[in-house]
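K.L.:
Here is my input, please return the structure:
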Amino acid sequence: MPLDEDVVASIYRDHGAALRRFVLSATRDPQLAEDVVQETVLRVWQQTPEITGSLRSYLYRTARNIMIDNYRRARRRPAEALDGGLTEQAAVPERVDEMLNRVLVEEALLRLSKEHREVLVALHYRRFTVNEAAVQLNIPSGTVKSRAYYAVRALRTILDEMGVEQ
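P.N.:
Take a look at the predicted model:
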């Protein structure tokens, strides 16, 4: 399906702000972040990929690849001096990967049922023990264990659907 201007505008409208926040958190440079977002949307428009998973995760991966390409390009050539003699700092690929994974996991968590999400948040983000999570969620500890097991399985399935390699 070729992407026309209306589709590109809707991609920008629906995902542009979140994509800009993601890139800005890695680069800390608003102008560079805007350039990466525009390049990301442009690549999607030019390549018209067959996206089987989440469009947002595809956009994040494309933006990540652009930031890594920019970082590598900047490392190959001498640093350009800015006003005051400071050098421009590019995003570190490992940090970008870490942020991308966090964004994708958060998006996947939102697709889980409320009960499964609550258990995973309690156990993995808040670092509660099974008994503490049971008290906090007001359910038996056996239910916490069972929900955690099924929640992790569901999360893996969702991440697979999103195209996230584990």
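
K.L.:
so how far is the lowest-mean-pLDDT helix or strand in the chain off the chain centroid?
P.N.:
Every helix and strand of the chain was ranked by mean pLDDT, DSSP states H and E. The lowest is helix 93-111, at a mean of 78. Helix 93-111 has its C-alpha centroid displaced from the chain centroid by 4 Å (CA atoms, centre = their mean, to the nearest Å).

K.L.:
Mind listing what's buried along it?
P.N.:
For helix 93-111, a neighbour-count test (16 or more other CB atoms under 10 Å) marks 93, 96, 99-100, 103-105, 107-109, 111 as buried. C-beta: built from backbone N, CA, C; applies to glycine.

K.L.:
can you list the weak-confidence ranges in the protein?
P.N.:
Applying pLDDT under 70 to the chain flags residues 1-4, 48-49, 51-53, 77-94, 165-166.

K.L.:
again, only using 50
P.N.:
Applying pLDDT under 50 to the chain flags the ranges 1, 81-91.

K.L.:
what about the strands in it?
P.N.:
Taking DSSP state E to define them, one finds no strands in the chain.

K.L.:
gap between residue 160 and residue 6?
P.N.:
31 Å (CB to CB, to the nearest Å).

K.L.:
before we move on, what about residue 17?
P.N.:
The gap separating residue 17 from residue 6 is 19 Å, by CB to CB.

K.L.:
neighbouring contacts of the least confident helix or strand of the chain?
P.N.:
The contact list for helix 93-111, computed with CB atoms under 8 Å, 6 or more residues apart in numbering, reads 22, 25-26, 54, 56-57, 60-61, 64, 67-68, 71, 117, 120-121, 155, 158-159, 162, 164.

K.L.:
the more surrounded of residue 17 and residue 6?
P.N.:
Neighbour comparison, residue 17 and residue 6: the larger count goes to residue 17, with 11 against 8 (by other CB atoms under 10 Å).
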